[in-house]
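Chemist: only geometry, no sequence info:
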């Protein structure tokens, strides 16, 4: 029995290693191509870059395809990558902070104060979670225009508003589970609701806050349509800048594209490497509570 | 406490509510209203009754095909993603070395944004198809098959992580008891493990279903609907109706309303059906 288990584990291990290779391969292929001359990428995406000219006899001469960091330099200049990166980081960090702070406050309030208004609000937030963005995108863009929200600071308002549904829902689920006693004790000891919230409730909610922060960070960082429609060409974020490489009907500079894809992935990999434990736990917690 | 808290309603709820109104509530109501109007900007909207809806279904030859494509795409990706994710989760909950490394790797694609994912796979699919003298945009079905593979690559790891959490909650005593009673591994799987992880199945089905149906970024980056509109799913079709076809704004909004209703209805049916199969542990 024991031995049988061991051999089956070896087989499973081999299968898992093979699948892992499949999972990593697409990124490695892009990485490999980011160092090739742009003319060679579409023709031979699966070959390694060559470092010198090679005489292949009858088949002709194989050119040198390795171009070093030329694609990176090109791409960064073409799409103003650093500006887009800075903007993406700014928007993600502040949107997540605002969402966590304000939706946790709202969720606590509507769970603790029970009346028909708070109840109605709760269902309104839940309702907003199933509505696809396409339903509101046109009108939202117009509203944002009228209110002068079409910039990296104004869009934070939209992220808080559109992200509120899921975040309030998750925080509320958590608040329902915590006993009210400590909060009442704090009130008797003279805490006003604000003190009570920041000194007692928020620290208790930390695990949920991390979950909400991670799920929203993944959404905001990768979001394309909302920043594209609201801020468009004036303030591109990373996904928008990359999309602009595609441009109109002209051909894409494949070299620059590959390099920019790699640069867009690197921050995520770094983020993942540092907090993968929280990310995976957060995703599970988010799903179970959602 | 309720009483003193109530006085603070503005501090606690107003920031969220104002933003919620700006980003969701007002646009939602406006959007609903505009679906009954002909307009090019919001200010010149004229009431036209149901004609946008009629045009979406009969005067427009892209909506129904895109909707059908979305349905087929969603069915295929929901089945494949959940099947793979569950198998991976079963493999990774065995006592084995290195399971954490595999989890980390399988989950990673999910963090990469849809636009970037689309271009990554465009390179790969075009590279493969080039051997047969084809490209991704030679035929609409290549784009759709491509999207299914892309979605599996992206979402399997996410769903796997949720299934792993579910499987770890199945009490080992229960499985041991079954083993002593002589249950075969497949009996343990179908009679114990699957019924016990039904809550995870509910959530995973819900997430894969809504995400597949709402798929936009990947579709845009991979093929942008080409050739013609043959690889466009419903979200992309709506976007193109709004922004690429002057005079069709109202039709686009009507399509969006239909889309929202369909999504809400199928999500509700799915939740009902899988919830009813959940057992109390």
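Modeler: Good, I have the coordinates. Keep in mind the model is a prediction, meaning the values are calculated, not measured.
Chemist: smallest gap between the stretch 51-200 of chain A and chain B, at which residue?
Modeler: Nearest residue of the stretch 51-200 of chain A to chain B (Cβ to the nearest Cβ) works out as residue A:161 at 2.7 Å. Heads up, the C-betas are built off the backbone N, CA and C, glycines and all.
Chemist: verify the stated contact: that residue with residue B:26.
Modeler: No: if you go by Cβ atoms under 8 Å, residue A:161 and residue B:26 don't touch, sitting 9.6 Å apart.
Chemist: quick one: which of the two has more around it?
Modeler: Neighbour count, other Cβ atoms under 10 Å in any protein chain shown: between residue A:161 and residue B:26, residue A:161 has more, with 28 against 17.
Chemist: once you drop chain neighbours, what's closest to that one?
Modeler: With Cβ to Cβ, 6 or more residues apart in numbering or on different chains as the criterion, residue A:161 has its nearest non-adjacent residue at 2.7 Å, and that residue is residue B:23.
Chemist: likewise for residue A:149?
Modeler: Nearest non-adjacent residue to residue A:149 (Cβ to Cβ, 6+ apart): residue A:157, at 5.6 Å.
Chemist: what helices and strands are in contact with the host helix or strand of residue B:54?
Modeler: Under the criterion DSSP states H and E, the helix or strand holding residue B:54 is helix B:51-54. Applying 3 or more Cβ pairs under 8 Å, 6 or more residues apart in numbering or on different chains; DSSP states H and E, we find helix B:51-54 packed against strand B:37-38, helix B:249-276.
Chemist: export the ones you listed to JSON lines and tack on distance to chain A and mean neighbour count?
Modeler: Output for those, formatted as JSON lines (distance: least, Cβ to the nearest Cβ, whole Å; neighbours: other Cβ atoms under 10 Å in any protein chain shown):
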{"stretch": "strand B:37-38", "distance to chain A": "11", "mean neighbour count": "18"}
{"stretch": "helix B:249-276", "distance to chain A": "4", "mean neighbour count": "19"}
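Chemist: for residue A:170, which of these is the nearest?
Modeler: helix B:249-276 (16.9 Å; Cβ to Cβ).
Chemist: ok so, going back, so which residues make contact with the helix holding residue B:54?
Modeler: Applying Cβ atoms under 8 Å, 6 or more residues apart in numbering or on different chains, the contact partners of helix B:51-54 are B:35, B:36, B:37, B:38, B:250, B:251, B:253, B:254, B:257, B:258.
Chemist: pretty sure the fifth one contacts residue B:41?
Modeler: Spelled out, it's residue B:250. No: when contacts are counted by Cβ under 8 Å, residue B:250 is not listed as touching residue B:41 (11.9 Å).
Chemist: leaving out the residues flanking it, which one is nearest to the residue most central in space within chain A?
Modeler: By Cα atoms, centre = their mean, chain A has its centre lying nearest to residue A:218, at 2.3 Å. Excluding the flanking residues, the one nearest residue A:218 by Cβ to Cβ, 6+ apart is residue B:111, at 6.3 Å.
Chemist: any idea how many residues pack against the one you found?
Modeler: Residue B:111 has 22 neighbours, counted by other Cβ under 10 Å.
Chemist: and what of the one 5 residues further on?
Modeler: When neighbours are counted by other Cβ under 10 Å, residue B:116 registers 27.
Chemist: can you tell me the helix or strand for it?
Modeler: Secondary structure (DSSP H and E) places residue B:116 in helix B:114-130.
Chemist: stretch A:103-118 and chain B, any residue contact?
Modeler: Yes: counting by Cβ under 8 Å from any Cβ of the partner chain, chain B is contacted by stretch A:103-118 at A:103, A:105, A:106, A:108, A:109, A:110, A:112, A:113, A:114.
Chemist: now do the buried residues in that stretch.
Modeler: Buried residues in stretch A:103-118, defined by neighbour count with 16 or more other Cβ atoms under 10 Å in any protein chain shown: A:103, A:104, A:105, A:106, A:107, A:108, A:109, A:110, A:111, A:112, A:113, A:118.
Chemist: go on, stretch A:12-31?
Modeler: In terms of neighbour count (16+ other Cβ under 10 Å), stretch A:12-31 has its buried residues at A:13, A:16, A:19, A:20, A:23, A:26, A:27, A:29, A:30.
Chemist: pLDDT value on the fifth one, please?
Modeler: pLDDT, the model's per-residue confidence, is 94 for residue A:23.
Chemist: redo the helices and strands packed on helix B:51-54 as JSON lines? Include mean pLDDT.
Modeler: JSON lines is the format used below for the helices and strands packed on helix B:51-54 (pLDDT from 0 to 100):
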{"stretch": "strand B:37-38", "mean pLDDT": "90"}
{"stretch": "helix B:249-276", "mean pLDDT": "92"}
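Chemist: mind checking the ones you listed for the one nearest to residue B:131?
Modeler: Closest approach to residue B:131 among the helices and strands packed on helix B:51-54 (Cβ to Cβ): helix B:249-276, 37.3 Å.
Chemist: show me what the closest one is packed up against.
Modeler: With contacts taken as 3+ Cβ pairs under 8 Å, 6+ apart, helix B:249-276 sits against helix A:116-130, helix A:133-146, helix B:26-34, helix B:51-54, helix B:198-214, helix B:234-244.
Chemist: if we compare these, which one ends up closest to residue A:6?
Modeler: Across the helices and strands packed on helix B:249-276, the minimum distance to residue A:6, taken as Cβ to Cβ, is reached by helix B:198-214, at 29.0 Å.
Chemist: who touches the closest one?
Modeler: A:130, A:132-133, A:287-288, A:290, B:70, B:73-74, B:77-78, B:81-82, B:85, B:151, B:155, B:158-159, B:162-163, B:165-167, B:194, B:234-235, B:262-263, B:266-267, B:270-271, B:274-275, B:277-279.
Chemist: do you know the pLDDT at the spatially most central residue of chain B?
Modeler: With distances taken as Cα atoms, centre = their mean, residue B:211 lies nearest the centre of chain B, 1.0 Å away. The predicted local confidence for residue B:211 comes out at a pLDDT of 94.
Chemist: and it, how far is that from chain A?
Modeler: Distance, residue B:211 to chain A, by Cβ to the nearest Cβ, to the nearest Å: 11 Å.
Chemist: show me what contacts residue A:268?
Modeler: A:221, B:111, B:112.
Chemist: burial count for residue B:174?
Modeler: Burial measure for residue B:174: 14 neighbouring residues, criterion other Cβ under 10 Å.
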